[in-house]
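A.B. asks: Okay, predicted coordinates and the sequence, questions at the end:
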Amino acid sequence: MGIGFPFARLASQHLFASLKPYSPKSPFDQLHSDGFDAEQIWQQIDLQSQPLINTLKREIKRYEDKPEQILKLFGVSGANGVLEKDVKENVDLGLEGEKVEDEFLKIKDLEKYLLLMYGGDGGSEDGSEDNIRYEDFYVPDKKRPNKGNLSTYEKEREKIQAKIKQMEAENLAPKDWTMQGEISASKRPVDSALEVDLDFEHNIRPPPVITEEVTASLEDIIKKRILEGHFDDVQRAPKVPTAAPKETKELDDNKSKKGLAEIYEEEYAQQTGFVAAPLSFNDELKKEASNLFKRLCLKLDALSHFHFAPKPVIEDMSIQTNVPALAMEEIAPVAVSDAAMLAPEEVFSGKKDIKEANELTKEDRKKRRAKKKRKYKAVNAKKVADRAPEKPSQALTEGKEQ
């Protein structure tokens with residue numbers, strides 16, 4: 001076993017390298033055997049052989065349905081023809097419609113077939129991997145167009161259609177349970193949650209990367225704002241207290257020495273006004289503030305020699321005379337009489353416009369009638385005053401004569 005194991009490794013590497021051109025989707029470029037045991041080497045071969053086996057099964061099934069393609073591929077002549085390229089092996093294919101014998105699956109024929117179908121050798125695997133399409137495996141030969149005669153527009157159109165079909169297939173395919181939102185254990189495979197990383201280090205957007213360009217731009221913006229005097233700081237107005245400050249109550253842990261009836265009696269007496277309520281902490285503060293204000297007022301009154309109250313104003317009876325302002329201010333000479341200082345309008349006031357009886361209004365007639373009544377009353381009163389002193393004098397003369 002110790003001698004045969006290195007040869008087995010070399011054989012495995014040779015087999016892996018020979019099949020590598022026909023499996024472009026293989027994750028390994030070569031077989032890694034140094035430092036690996038047999039199980040690990042076999043896993044590498046298995047990863048390469050699984051896609052290749054699936055492809056071979058599809059191709060074999062296709063050739064079973066259409067055996068005439070095998071005759072065209074290997075150059076068969078006649079109904080019971082023999083392979084021209086492999087006469088030495090004498091492989092009989094039989095009549096049309098008969099199935100292929102087991103001797104058909106040989107390594108040389110398989111390599112020729114793969115080279116013919118996929119084109120080129122192993123060196124062109126990088127370019128062929130990008131050109132693999134769904135139609136190359138699942139579309140029959142009759143439906144495949146002749147790509148050699150296609151224009152550039154038709155090729156681009158085929159690529160777009162293939163991409164659209166792929167996206168539609170992905171959308172119509174059933175989604176994984178991790179992409180279905182909230183899901184219970186009965187709707188997902190057993191122990192499938194152990195294979196998924198359900199913990200997230202950050203649940204927010206990552207911050208931007210701070211680079212020299214970012215800091216330089218920020219510094220330029222700050223300098224520009226300072227030079228121009230543009231600031232976004234809001235000058236907040238001070239909050240005005242909307243309500244009076246809450247009264248701080250002092251808690252007394254001492255047990256009350258009064259009974260419950262006495263406490264209720266005092267509360268009722270305070271509510272009715274028979275007994276004054278006890279002073280609270282705020283009342284004591286108010287009392288202290290009033291005492292301080294009284295002391296301050298006493299000191300301020302002492303500065304004015306306690307003559308802080310003005311003398312009472314005695315209102316005298318004032319007589320308003322119709323004299324000029326100069327006479328009121330006693331600036332006019334003493335020898336000048338007041339009559340000489342009257343204005344012409346004050347000495348004689350002209351009559352108003354004379355109106356006829358037809359031009360008088362209702363108010364003018366009332367004024368004229370009232371004026372006549374006043375004059376008539378004044379004349380009668382004067383006559384009565386003139387006659388009144390004559391009667392007592394006549395009575396006195398008559399008494400003396402008797």
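C.D. replies: Cool, the structure landed. Numbering: from 1, shown residues only.
A.B. asks: Show me where the stretch 151-300 of the chain has its helices.
C.D. replies: 152-172, 212-228, 260-272, 281-303 (DSSP state H, counting those that start in this stretch).
A.B. asks: And for Ser26, the neighbour number?
C.D. replies: Number of residues near Ser26 (other C-beta atoms under 10 Å) recorded here: 20. (C-beta placed from N, C-alpha, C; glycine too.)
A.B. asks: dump the residue contacts of it.
C.D. replies: For Ser26, the contacting residues are Lys20, Leu47, Gln48, Pro51, by C-beta atoms under 8 Å, 6 or more residues apart in numbering.
A.B. asks: Make TSV out of the helices of the stretch 151-300 of the chain and add mean pLDDT.
C.D. replies: As requested, the helices of the stretch 151-300 of the chain are exported to TSV (pLDDT from 0 to 100):
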stretch	mean pLDDT
helix 152-172	93
helix 212-228	87
helix 260-272	87
helix 281-303	87
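A.B. asks: Of all these, which one comes closest to Leu342?
C.D. replies: Across the helices of the stretch 151-300 of the chain, Leu342 has its closest neighbour in helix 281-303 (53.4 Å, C-beta to C-beta).
A.B. asks: That closest one packs against which elements?
C.D. replies: Packed against helix 281-303, as judged by 3 or more C-beta pairs under 8 Å, 6 or more residues apart in numbering; DSSP states H and E, are no other helices or strands.
A.B. asks: for that helix, which positions count as buried?
C.D. replies: The neighbour-count check on helix 281-303 (16 or more other C-beta atoms under 10 Å) flags nothing as buried.
A.B. asks: Which of the helices of the stretch 151-300 of the chain sits closest to Ala185?
C.D. replies: Proximity to Ala185 (C-beta to C-beta) singles out helix 152-172 among those, at 26.3 Å.
A.B. asks: Give me the neighbour count for Ser33.
C.D. replies: By the criterion of other C-beta under 10 Å, Ser33 has 19 neighbours.
A.B. asks: Let's have the helices of the stretch 151-300 of the chain in TSV, adding distance to Lys66.
C.D. replies: Formatted as TSV, the helices of the stretch 151-300 of the chain follow (distance: least, C-beta to C-beta, whole Å):
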stretch	distance to Lys66
helix 152-172	24
helix 212-228	65
helix 260-272	111
helix 281-303	108
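A.B. asks: hang on, Glu356 in a strand?
C.D. replies: No: under DSSP: H, G, I helix; E, B strand; the rest coil, Glu356 falls outside any strand and is assigned coil.
A.B. asks: Now for it, how many residues are close by?
C.D. replies: Residues lying near Glu356 (other C-beta under 10 Å) number 6.
A.B. asks: Dihedrals phi and psi, it?
C.D. replies: With angles defined as degrees, to the nearest 10, Glu356 sits at phi -80, psi 170.
A.B. asks: circling back to that earlier point, which one, of the helices of the stretch 151-300 of the chain, ends up nearest to Lys187?
C.D. replies: helix 152-172 (19.6 Å).
A.B. asks: could you turn the closest one into CSV, dropping everything but the C-alphas?
C.D. replies: The C-alpha trace of helix 152-172 is given here as CSV (Å, rounded to 0.1, in the frame of the first residue of the first chain):
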residue,chain,number,x,y,z
THR,A,152,-24.0,41.6,-34.4
TYR,A,153,-27.5,42.9,-33.7
GLU,A,154,-28.9,39.3,-33.7
LYS,A,155,-26.1,38.1,-31.4
GLU,A,156,-26.8,41.0,-28.9
ARG,A,157,-30.5,40.2,-29.1
GLU,A,158,-29.9,36.6,-28.3
LYS,A,159,-27.8,37.5,-25.3
ILE,A,160,-30.5,39.9,-24.0
GLN,A,161,-33.2,37.2,-24.5
ALA,A,162,-31.1,34.6,-22.7
LYS,A,163,-30.6,37.0,-19.8
ILE,A,164,-34.3,37.8,-19.7
LYS,A,165,-35.2,34.1,-19.6
GLN,A,166,-32.7,33.5,-16.8
MET,A,167,-34.1,36.3,-14.7
GLU,A,168,-37.7,35.1,-15.3
ALA,A,169,-36.7,31.6,-14.3
GLU,A,170,-35.1,33.0,-11.1
ASN,A,171,-38.2,35.0,-10.3
LEU,A,172,-40.6,32.0,-10.9
